[in-house]
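[1] test case, fold it:
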Amino acid sequence: MLSDQIKKGVNRAPNRSLLFALGLTEEEMSRPLVGIVSSHNEIVPGHMNIDKITEAVKAGVRAAGGTPIMFPAIAVCDGIAMGHIGMKYSLVTRDLIADSTEAMVMAHQFDGLVMVPNCDKNVPGLLMAAARLNIPTIFCSGGPMLAGHLTDGKRTCLSHMFEAVGSYHAGTLDEKGVLDYEQNACPTCGSCSGMYTANSMNCLTEAIGMALPGNGTIPAVYSARIRLAKHAGMKIMELIEKDIRPRDIMTEKALHNAETVDMALGCSTNTMLHLPAIAHEAGVEISLDESNNISKNTPNLCHLAPAGETYMEDLDRAGGVYAVMKELTKKDLLDLSVMTCTGKTMGENLADISNRNPEIIRPIENPYSATGGIAVLKGNLAPDGCVVKQSAVAPEMMVHEGPARVFDSEEEAISAIYAQKIKAGDVVVIRYEGPKGGPGMREMLNPTSAICGMGLGESVALLTDGRFSGATRGASIGHVSPEAAAGGPIALVEEGDLISIDIPNCKITLHVSDEELTRRKAAWTCPEPKVKNGYLARYAKLVSSADKGAILEA
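    As a prediction, this is how the structure comes out:
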């Protein structure tokens, strides 16, 4: 066992004395030591219940003959961090989580790991750590929130809450109406109830093969979530015994399966940052171009919020992620030979699965669209690509052309939107919010929600080198690469420049001549860094561009 490094032989007597100090018995030390990486805290609604999940995992480990030992991972609530400097600290935690988990595991020589994440950056951060460490590992998340209900009975969620603020500024909703959303949009613990980033990534843990069925969809408040956690604790002991490791599971084929499921589910555009970063840690390279090819061949089968009016609890009742995957097998869109954390192949896992609600999970013969939920656009404005959640774009905005309204920060843009200075037809450009320029690549849920809440979702596009929450809908195009702080073409856009967006043909064009762009480039100078000390300053020096997954480069 790996843990023999800290518990076997006379030379390890000092190490054992400290294990005895923990209250461990000789019997417990003789068993495999399983690290339970708990993301529990008391500030993130998606993590407030994880102490219960962690205890259930520990019970499962003990039942199967192991010794569970919990240690923590940090977590940020993107919703609470939204709209202020806190959002600069969201994406950057992904790498902190991976690095700190690596440090804890290597220092203490665990034999296996159960990762207990939930919200946006914990899942990819811990997947990155799992791939990097490559010891037997399984995931069990905290589970999604139930949808809310307004006082009139209408179902609601966090994305509606953000849009309600835009409606208030547009004069179409009063303070009482805002309060109705405020008190009812988020009714339980758990990751917010739509197909936002947290739920997208938790669903993809199943698609990759690193979590048991139901991990992405069983609601946080259901007792089935506790049972799942116990089974995950039991299963890690089997993975240790069989020596099935993350890199046996997180192969190139498995990651392409995840990209395919991503397109069918209509996941958050943040997956286009996280999957390349996870693949990089697993020794696999995936590109945005590959994602577009997968999208072209993968029908979009689900329209969960913000794309539609269904929620994670509905997807769970319909059969969950495995039911979506079963539909994809009808056209041989998945590699079923890949190994999973069940100890069986994906094909074996899916053998007895069925789609229990074709209204929630469209049959593959009757999809919402013939192509996937995400599109990668390229052109002279984004030579290395940019991404859009096309499943959440209104039909009339799939092709759009309009004048650029240019802002050098999110704050400038949101002020203009609330002041009703943005008009139908405009293309709002928000730059210097990329991985380096932000630094930290903030999500732009406030401006996109304001646009939609003010009734402009079908007539205004938004373009940024920052990123979007999974709760964003509309013609919201992010991850523009190269970013402005790296001298990308988005830095050269001027007020009134004409921009064309063609999502079906994956094109984005700035209608300015090459000669003029060359002139502007020669006159351009990078602004002073927005943050000059602390972790964000170090992050800005190391982070790569969004098209590479915003990974840290030595």
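[2] and residue 68, what element?
    strand 67-72 (DSSP states H and E).
[3] what average pLDDT does the longest strand anywhere in the chain get?
    For the chain, the strand with the greatest residue count under DSSP state E is strand 399-407. Strand 399-407 carries an average pLDDT of 98.
[4] what does stretch 403-414 rub up against?
    With contact meaning C-beta atoms under 8 Å, 6 or more residues apart in numbering, stretch 403-414 is reached by 83, 416, 421-422, 425-433, 442, 444, 446-447, 450, 466, 493-499, 527. In short, each C-beta sits where N, CA and C put it, glycine included.
[5] send the alpha carbons of it over as PDB?
    Output in PDB follows, covering the C-alpha atoms of stretch 403-414 (Å, rounded to 0.1, in the frame of the first residue of the first chain):
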ATOM      1  CA  PRO A 403     -22.000  48.200 -34.300                       C
ATOM      2  CA  ALA A 404     -19.500  47.600 -31.500                       C
ATOM      3  CA  ARG A 405     -20.100  49.200 -28.100                       C
ATOM      4  CA  VAL A 406     -16.700  49.000 -26.500                       C
ATOM      5  CA  PHE A 407     -16.000  48.700 -22.800                       C
ATOM      6  CA  ASP A 408     -12.700  48.000 -21.000                       C
ATOM      7  CA  SER A 409     -14.300  46.400 -17.900                       C
ATOM      8  CA  GLU A 410     -17.500  44.700 -16.800                       C
ATOM      9  CA  GLU A 411     -18.300  47.700 -14.500                       C
ATOM     10  CA  GLU A 412     -18.300  50.100 -17.500                       C
ATOM     11  CA  ALA A 413     -20.500  47.900 -19.500                       C
ATOM     12  CA  ILE A 414     -23.100  47.200 -16.700                       C
END
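[6] centre of the chain versus the longest strand of the chain, how much separation?
    27 Å (C-alpha atoms, centre = their mean, to the nearest Å).
[7] re earlier: any idea which helix or strand comes after the strand holding residue 68?
    Following strand 67-72 in sequence, per DSSP H and E, is helix 78-81.
[8] and that following helix, how far out from the chain middle?
    On C-alpha atoms, centre = their mean, the centre of helix 78-81 falls 14 Å from the chain's centre.
[9] contacts for that helix, please.
    43-44, 86-87, 89-90, 119-120, 158, 192, 197, 443, 445, 469.
[10] cool, and stretch 38-50?
    51, 53-54, 70-77, 80, 116-119, 122, 142-143, 145, 186, 189-192, 198, 220-221.
[11] any of these buried? List them.
    Buried residues within the contacts of stretch 38-50, counting neighbours by 16 or more other C-beta atoms under 10 Å: 51, 53-54, 70-73, 75-77, 116-119, 122, 142-143, 145, 186, 189-192, 198, 220-221.
[12] residue contacts, the residue nearest in space to the middle of the chain?
    Centroid check for the chain by C-alpha atoms, centre = their mean gives residue 197 as the closest residue, at 3.5 Å. Contacts for residue 197 (C-beta under 8 Å, 6+ apart) come out as 78, 120, 268, 270, 271, 469, 470.
[13] picking that back up, can you give me the buried ones in the longest strand of the chain?
    So for strand 399-407, counting by 16+ other C-beta under 10 Å, buried means 400, 402, 404, 405, 406, 407.
[14] now, which of these sits nearest residue 287?
    Of all those, residue 287 sits closest to residue 400, with 26.1 Å by C-beta to C-beta.
[15] pretty sure that closest one is touching residue 474, no?
    No: with contact defined as C-beta atoms under 8 Å, residue 400 does not reach residue 474; the gap is 10.7 Å.
[16] overlap in contacts, those two.
    residue 461.
[17] let's verify the residue lying closest to residue 295 once chain neighbours are set aside: helix, strand, or coil?
    In space, and not counting its chain neighbours, residue 295 is closest to residue 372: 3.5 Å by C-beta to C-beta, 6 or more residues apart in numbering. Secondary structure for residue 372, judged by DSSP: H, G, I helix; E, B strand; the rest coil, is coil.
[18] from residue 366, how far off is residue 372?
    16 Å (C-beta to C-beta, to the nearest Å).
[19] between the two, which one's more packed in?
    Of the pair residue 372 and residue 366, residue 372 is the one with more neighbours under other C-beta atoms under 10 Å, namely 28 against 9.
[20] so that one sits against residue 301, correct?
    No: judged on C-beta under 8 Å, residue 372 makes no contact with residue 301 at a distance of 9.6 Å.
[21] which one's the longest helix in the protein?
    Of all the segments of type helix in the chain, defined by DSSP state H, the longest one is helix 223-242.
[22] same for it, what does it pack against?
    strand 33-38, helix 50-63, strand 112-116, strand 137-139 (3 or more C-beta pairs under 8 Å, 6 or more residues apart in numbering; DSSP states H and E).
[23] to residue 285, which of these lies closest?
    strand 137-139 (21.5 Å).
[24] residues in contact with that closest one: which ones?
    Contacts for strand 137-139 (C-beta under 8 Å, 6+ apart): 112-117, 123, 126-127, 130, 205, 210-212, 215, 232, 235-236, 239, 245-246, 341.
[25] try stretch 88-101
    37, 73-76, 78, 81, 120-122, 124-126, 128-129, 132-133, 273-274, 277, 281, 435, 438-443, 467, 531, 535-536, 539, 550-552.
[26] just the ones in helices from those, please.
    78, 81, 122, 124-126, 128-129, 132-133, 273-274, 277, 281, 535-536, 539.
[27] now stretch 189-209: mean pLDDT?
    97.
[28] sorry, back to before: going through the contacts of stretch 88-101, which ones are buried?
    Buried among the contacts of stretch 88-101 (16+ other C-beta under 10 Å): 37, 73, 75-76, 78, 81, 120-122, 124-126, 128-129, 132-133, 273-274, 277, 281, 435, 438-443, 467, 531, 535-536, 539, 550-552.
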